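1. I would like the atomic coordinates for the input below:
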Amino acid sequence: MFFGMGTSRIAGLSLLLLAAALILTIAFSFGVTDANVFERDEVEEFLTDINGNEALFVLATALSIAVDAVIGLAAGAALYVLFRDRSRILALFGFAFILANGIAFLASDASNFVMLKLAEDFVEKGGPAGIGAGDAVILEVARAVGIFGAMTAQVSFTALSAGLITFGVIIAWAPAGAVTPPWPFGWLAVASGILGLFTWLITVTDGAFGLIIAHALLTLAWLILLGPWLLLRAPEEPEAMPARATAG
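-> Predicted coordinates:
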């Protein structure tokens, strides 16, 4: 599929696929449940919702795995190739952060499948001998698994944020290269990355959920703007719009 497309167009297509997969994953996840596994009195609702929306939950998790293990890594690798002539070290760090993001989120994805089995045990089958369906022990185990999954997701957000900041710095400030997107794209990535670093506040206050939403929206905006720019860029052009600054 990608043969003969050129790195710029591969990167653009990867970013657009990434944006589409993220939108679908978020939509499917909210369609499963809005219960908060951090709240003890909502864990039962969380498991019941997962068991009742098993197909949607599996689909959301499968899409997430595709993003973390394939599409995201392809996008990160393509961005490294595109921007390494502008700053090889920053481009390498950017790809490393995207790779770390994928690895951490895969651990969170794995916890989802554990949660799926716990939901089935709680609602229908029960656990090991002596632990029946609806037992409070299953609730406590599920809460621990859910918190682990949420914390690995936060680690992933931190790595992704660092990657966004790194590629944003290249776009906005590094010397112009063969591929030089408009400098505001860089500022957008940096802003999204900074917001992402503060999403850890969700561990101490529910009010920080707004930061997660803002981070997701800015990241999607960056993907949706940069993706078409790279995809439609004429492959024979040696350079695009000059960067705003030429600082090293």
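2. CA only for contacts and neighbour counts going forward, please
-> OK.
3. Give me the longest helix you can find in the chain.
-> helix 136-173 (DSSP state H).
4. Quick one: list the elements packing against that one.
-> helix 43-52, helix 88-120, helix 183-197 (3 or more Cα pairs under 8 Å, 6 or more residues apart in numbering; DSSP states H and E).
5. change it to 10 Å
-> helix 43-52, helix 72-83, helix 88-120, helix 183-197, helix 209-232 (3 or more Cα pairs under 10 Å, 6 or more residues apart in numbering; DSSP states H and E).
6. can you pull the contacts of Gly149?
-> Each residue near Gly149 by Cα atoms under 10 Å, 6 or more residues apart in numbering is listed here: 104-112, 114-115, 143, 155.
7. Can you tell me how far it is from Arg40?
-> 16 Å (Cα to Cα, to the nearest Å).
8. Render the CA-only coordinates of stretch 11-31 in CSV, please.
-> Presented in CSV, the C-alpha positions along stretch 11-31 are these (Å, rounded to 0.1, in the frame of the first residue of the first chain):
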residue,chain,number,x,y,z
ALA,A,11,3.6,10.2,7.5
GLY,A,12,0.5,12.2,6.6
LEU,A,13,-1.6,9.1,6.0
SER,A,14,-0.4,7.6,9.3
LEU,A,15,-1.3,10.8,11.2
LEU,A,16,-4.8,10.8,9.7
LEU,A,17,-5.3,7.1,10.5
LEU,A,18,-4.1,7.7,14.0
ALA,A,19,-6.6,10.6,14.5
ALA,A,20,-9.5,8.4,13.1
ALA,A,21,-8.5,5.5,15.4
LEU,A,22,-8.2,7.7,18.4
ILE,A,23,-11.7,9.3,17.8
LEU,A,24,-13.3,5.8,17.4
THR,A,25,-11.5,4.4,20.5
ILE,A,26,-12.6,7.3,22.7
ALA,A,27,-16.2,7.1,21.3
PHE,A,28,-16.4,3.3,21.9
SER,A,29,-14.9,3.6,25.4
PHE,A,30,-17.4,6.2,26.5
GLY,A,31,-20.1,4.0,25.0
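9. Thank you kindly, that will do.
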